[in-house]
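Colleague: What would the 3D arrangement of this be:
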Amino acid sequence: TRMAPVHVLRCAARGRAPASAPSDGRGDGGGGDGDDEVQRPAAYSPGPKGGSTGVRMCVLGVSGLVVVLGMVLVALASVRKHGSSPYPSYPHQEVAAAERLPRVAEPIDYSLFIRVGLPSPFPYFSGSVVIDTVIKSPTSMLFLHAGENLVVGKAEWRPEGMAAGLPGWELGIETDAQMTEVMLDLGGRLLTRGARGKLVVTFSAALRDSPLRGLYLAEVDEGEYMAVTQFEPTDARRMFPCFDEPEYKAIFSIAVSHHSSLTALSNAPASTVSPDTSDEVADSNYVVTRFERTPRMSSYLVAIAVGDLASLSGVTSTGVEVKAYAPPALVDQAQFALDVAVDVLAYYEQFFGQAYPLRKLDLLAVPSFAAGAMENWGLVTYRYSAMLVTPEASAAAHYRVALVVAHELAHQWFGNLVTMEWFNDLWLNEGFAAFVENLGVDFVYPEWTMQFQFVIEAQYTALSADASSSSHPIIVNPEDAEPPAEAAELFD
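Modeller: Numbers count the residues shown, from 1 in each chain. A predicted model of the protein is given here:
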């Protein structure tokens, strides 16, 4: 993930105002005079690919090693400096549940159906989730995360082997005081270790334009919206009840009901599109787009988007289809990001020695987006300024887009394929991507001398941030990062 505070720190390191100030010139869709102050090539020009010399790679590798060792030393020093309570108080932030789920069950796979009521005078979403679940310790209660915005309709447990025509065990539903967890009462029944079954839960919620997390509305133009998700670190629970912790990896089969005039996207390729014949839909123009099963992944990587979208497409040298989506009026500005993604994705497959596990990769430009970008597996989302750029924009604007695209694609392996157990180890995820992004960009544009940019932008920025009075340890104890609000603070 590329979070906005990283950009603010980088601008501060360069002696410039952050993106909200007019002097920066990094508004949506292009650069400006402020960006040209950065020492980059005077204008964007595609260079030869794969032209990095051995000296360049050696210097970049040595610089990376120095920075990684420095990060470890800074982390150790910070642990000693801050002790067991490293975080300052942030009273303006929403405080959520301090506990993680009891370790009584874990998911195997999800079948998720969601209906997106858009366009509508009263946008909404509703659906159901069927979670194939295995019991890890004897229990008479089951537990799921569910956001305070969700209305949980009903829940039932269907033991493995139960005949299809028989009703499941109806579960009592209780919520915790912080409204982020549902407790499902089995009514005196005891599930033993190793038992399996399907947990079936229905849900609904209003679809709003704030906050920019969970499934929310992003305004494309006056009165025109797209619905899009942002789940990291702990907001999948705002769209559907789930085991919303990164260690609970599972396979997701997703289906989205939506108006036929809109495009639906998710992590995996679409497999079928058919009319929505449900009695719950009064509009005959609704269709259901079903997607292929995902790789085994964490809930925070699930993604869907529904909106009026156009796309550009390309194919990597290894046969992966890459598409860049944006509102139709802006899609031409996605060409540069698409070109970078096509080349960098193929390079990372070679670099990691591991094939990209999906048949497609989508890039989506989102008008209202709190993070810089988000590495959802197979459907990477970006704020406009991190993906859209015109050929006439400054070299710095192209540089930023290339770097953010390469960063999120690095996460397709380090973060998505290999994932931390909890967000106290986020530094491994983000630190590695922050280094490898430079290798990806260097492969495509060797004339940009990424080995020098890395030292200036990453090493100096990290040292500057650590010197501030509000710094916190890179490595924290799991209990110090359990409240979702505190987990979010680790993304600075």
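
Colleague: Check the gap between the residue most central in space within the chain and residue 433 for me.
Modeller: When C-alpha atoms, centre = their mean is applied to the chain, the residue found nearest the centroid is residue 374 (3.7 Å). Distance of residue 374 to residue 433, computed by C-beta to C-beta, to the nearest Å: 12 Å. The way it works is simple: take the backbone N, C-alpha and C, and place the C-beta from them, glycine included.

Colleague: hey, what's in contact with both of these two?
Modeller: Taking C-beta atoms under 8 Å, 6 or more residues apart in numbering as the criterion, residue 374 and residue 433 both touch residue 408.

Colleague: who does residue 135 bridge with?
Modeller: Assessed by DSSP bridges, residue 135 has beta-bridge partners residue 105.

Colleague: hang on, it packs against residue 190?
Modeller: No. Residue 135 lies out of contact with residue 190 (C-beta atoms under 8 Å); the separation is 9.8 Å.

Colleague: Number of residues surrounding residue 261?
Modeller: When neighbours are counted by other C-beta atoms under 10 Å, residue 261 registers 9.

Colleague: Give me the phi and psi for residue 432.
Modeller: phi -70, psi -40 (degrees, to the nearest 10).

Colleague: same check, this time on residue 430
Modeller: According to degrees, to the nearest 10, residue 430 has phi -80, psi -40.

Colleague: So for residue 135 and residue 190, which sits in the more crowded spot?
Modeller: Neighbours were counted for residue 135 and for residue 190 using other C-beta under 10 Å; residue 135 has more, 18 against 10.

Colleague: State the distance from the more buried one to residue 195.
Modeller: Using C-beta to C-beta, one gets 4 Å for the distance from residue 135 to residue 195.

Colleague: try residue 423
Modeller: In this view, residue 423 and residue 195 are 30 Å apart by C-beta to C-beta.

Colleague: now do residue 460
Modeller: In terms of C-beta to C-beta, residue 460 sits 55 Å off from residue 195.

Colleague: How about residue 318?
Modeller: 42 Å.

Colleague: Neighbour count for these two, which is higher?
Modeller: Taking other C-beta under 10 Å, residue 318 and residue 195 do not tie; residue 195 has more neighbours (17 against 11).

Colleague: Run through the residues that contact that one.
Modeller: With C-beta under 8 Å, 6+ apart, residue 195 has these contacts: 134, 135, 159, 160.

Colleague: For those residues, pick the one with the most neighbours.
Modeller: With neighbours taken as other C-beta under 10 Å, the top of the contacts of residue 195 is residue 135, carrying 18 neighbours.

Colleague: what sits against that one?
Modeller: Residues near residue 135 by C-beta under 8 Å, 6+ apart: 104, 105, 191, 192, 193, 194, 195, 196.

Colleague: out of the residues you listed, which are buried?
Modeller: Buried members of those, scored by 16 or more other C-beta atoms under 10 Å, are 104, 105, 191, 195.

Colleague: possible to save the residues you listed as CSV with pLDDT and distance to residue 331?
Modeller: Formatted as CSV, the buried ones among the contacts of residue 135 follow (pLDDT from 0 to 100; distance: C-beta to C-beta, whole Å):
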residue, pLDDT, distance to residue 331
104, 97, 47
105, 98, 44
191, 97, 50
195, 97, 50
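
Colleague: ok, and for the strand or helix carrying residue 464, which residues are buried?
Modeller: For residue 464, the host element (DSSP states H and E) is helix 460-466. For helix 460-466, the neighbour count (16+ other C-beta under 10 Å) marks 461, 462, 465, 466 as buried.

Colleague: and the gap between the third one and residue 434?
Modeller: Read it as residue 465. In terms of C-beta to C-beta, residue 465 sits 12 Å off from residue 434.

Colleague: what do you get for the first one?
Modeller: Taking C-beta to C-beta as the criterion, residue 461 is separated from residue 434 by 10 Å.

Colleague: And for the closest residue to residue 172 other than its chain neighbours, the neighbour number?
Modeller: Spatially, and ignoring its direct neighbours in sequence, residue 172 is nearest to residue 185 (3.5 Å; C-beta to C-beta, 6 or more residues apart in numbering). Residues near residue 185, counting by other C-beta under 10 Å, number 15.

Colleague: again with residue 404
Modeller: Residue 404: 25 neighbours (other C-beta under 10 Å).

Colleague: how close does it get to residue 311?
Modeller: 19 Å.

Colleague: for residue 234, same thing?
Modeller: Relative to residue 311, residue 234 is positioned 30 Å away (C-beta to C-beta).

Colleague: Helices of the chain, residue ranges please.
Modeller: Taking DSSP state H as the test, the helices found in the chain are 4-13, 54-82, 335-352, 395-411, 426-444, 450-454, 460-466, 484-489.

Colleague: The residue nearest to residue 172 touches residue 141, doesn't it?
Modeller: Yes. Here residue 185 reaches residue 141: they are 5.9 Å apart, a contact under C-beta under 8 Å.

Colleague: Can you get me a residue count around residue 473?
Modeller: 23.

Colleague: State the phi and psi torsions of it.
Modeller: The phi/psi pair for residue 473 (degrees, to the nearest 10) reads phi -60, psi 150.

Colleague: remind me which residues of the stretch 1-150 of the chain are low pLDDT?
Modeller: Where the stretch 1-150 of the chain drops to pLDDT under 70, the residues are 2-99.

Colleague: got a list of what residue 312 touches?
Modeller: Neighbouring residues of residue 312 by C-beta under 8 Å, 6+ apart: 323, 324, 331, 332, 334, 335, 338.

Colleague: pretty sure the fifth one contacts residue 388?
Modeller: Yes. Here residue 334 reaches residue 388: they are 5.9 Å apart, a contact under C-beta under 8 Å.

Colleague: what residues do the two have in common as contacts?
Modeller: Taking C-beta under 8 Å, 6+ apart as the criterion, residue 334 and residue 388 both touch 326, 365.

Colleague: Tell me how far the nearest residue to residue 358 once chain neighbours are set aside lies from residue 175.
Modeller: For residue 358, ignoring the flanking residues on the chain, the nearest one in space by C-beta to C-beta, 6+ apart is residue 378 at 4.6 Å. As for residue 378, its distance to residue 175 is 32 Å (criterion: C-beta to C-beta).

Colleague: Of those two, give the one with the bigger neighbour count.
Modeller: residue 378 (26 against 14).

Colleague: thinking the more buried one is in contact with residue 254, fair?
Modeller: No. Using C-beta under 8 Å as the test, residue 378 is too far from residue 254 to be in contact (11.0 Å).

Colleague: Give me the common contacts of the two.
Modeller: Counting by C-beta under 8 Å, 6+ apart, the shared contacts of residue 378 and residue 254 are 266, 267, 268, 294.

Colleague: Of these, which is the nearest to residue 447?
Modeller: Nearest to residue 447, judged by C-beta to C-beta, of these is residue 267 at 34.7 Å.

Colleague: The closest one and residue 376 touch, don't they?
Modeller: Yes. With contact defined as C-beta under 8 Å, residue 267 counts as touching residue 376 (6.3 Å).

Colleague: Strands along the stretch 201-350 of the chain, start to end?
Modeller: 214-221, 224-230, 251-259, 263-266, 270-275, 286-291, 304-307, 310-315, 321-326 (DSSP state E, counting those that start in this stretch).

Colleague: how big is the angle separating the second one from strand 251-259?
Modeller: Angle between the axes of strand 224-230 and strand 251-259 is 170 degrees (criterion: axes from the mean of the first three to the mean of the last three C-alpha atoms, to 10 degrees).

Colleague: what do you get for the last one?
Modeller: Inter-element angle recorded for strand 321-326 and strand 251-259: 40 degrees (by the same axes, to 10 degrees).

Colleague: switch to numbering from 801
Modeller: Taking 801 as the first residue, the last one we looked at is strand 1121-1126.
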